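Engineer: Make a model of this:
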Amino acid sequence: MTDTTSFRQTRRSLPIALLRARETVMGPFRDMLASSGVNEQKWRVLRVLQERGPLELSQVAAEAVLLLSSLTRMVGPMVEEGLISRMTPPEDRRKSVIAITPAGLALVNAHAAASAAILGRIEAEFGRERLETLLDLLEDLQKLDLRGTAPQSGHRTRR
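Structural biologist: Numbers count the residues shown, from 1 in each chain. Okay, the predicted model is just below:
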């Protein structure tokens, strides 16, 4: 065994707890999407476009929590599947804008009731107020700027 005095137990580790919670929440959504052959990344892209309308790729990547390179690889197949369309704005030929198609919208709508039922079950079991509090806390956590501020591995800053 190694010296673990500086580590929290894994059951109370924030990164691990977030991953466990994500798996608990995403399991039913993955099951729901399996019937349509759409993975969760494609689902997030479709939901962002359904909610926000046509967007430039970097905006979709940020909103759908995807790396831009991953989204770029997904666009071609999603266009071929008829779920999204892609256009290049004439004012800036370097950009690419994507939009949900009627087929993509139909797929989102086909899962709307099942998605609402999953959320309803989460609210019923976890509590609506607790869920809203959790979402607020997670939004606050996302606002933290933690990159480049942590002490180097094995070194502690002294004050």
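Engineer: Can you give the distance of the top helix by length along the chain from its chain's centre?
Structural biologist: Longest among the helix segments of the chain by residue count, using DSSP state H, is helix 14-34. Helix 14-34 has its average C-alpha position 11 Å from the chain's average C-alpha position, going by Cα atoms, centre = their mean, to the nearest Å.
Engineer: Averaged pLDDT, it. What do you get?
Structural biologist: Per-residue pLDDT over helix 14-34 has a mean of 95.
Engineer: okay, now Met74: neighbour count?
Structural biologist: Applying the criterion other Cβ atoms under 10 Å, we find 21 residues in the vicinity of Met74. (Glycine included, C-beta is placed from N, CA and C.)
Engineer: what helices or strands is the longest helix of the chain leaning on?
Structural biologist: helix 40-52, helix 112-126 (3 or more Cβ pairs under 8 Å, 6 or more residues apart in numbering; DSSP states H and E).
Engineer: angle of the last one against helix 14-34?
Structural biologist: What that stands for is helix 112-126. Compare the direction of helix 112-126 with that of helix 14-34 by axes from the mean of the first three to the mean of the last three Cα atoms, to 10 degrees and you get 140 degrees.
Engineer: and what of the shortest one?
Structural biologist: In terms of direction (the same axes, to 10 degrees), helix 40-52 departs from helix 14-34 by 80 degrees.
Engineer: Please report the distance of Val48 from Gly27.
Structural biologist: Using Cβ to Cβ, to the nearest Å, one obtains 21 Å as the distance from Val48 to Gly27.
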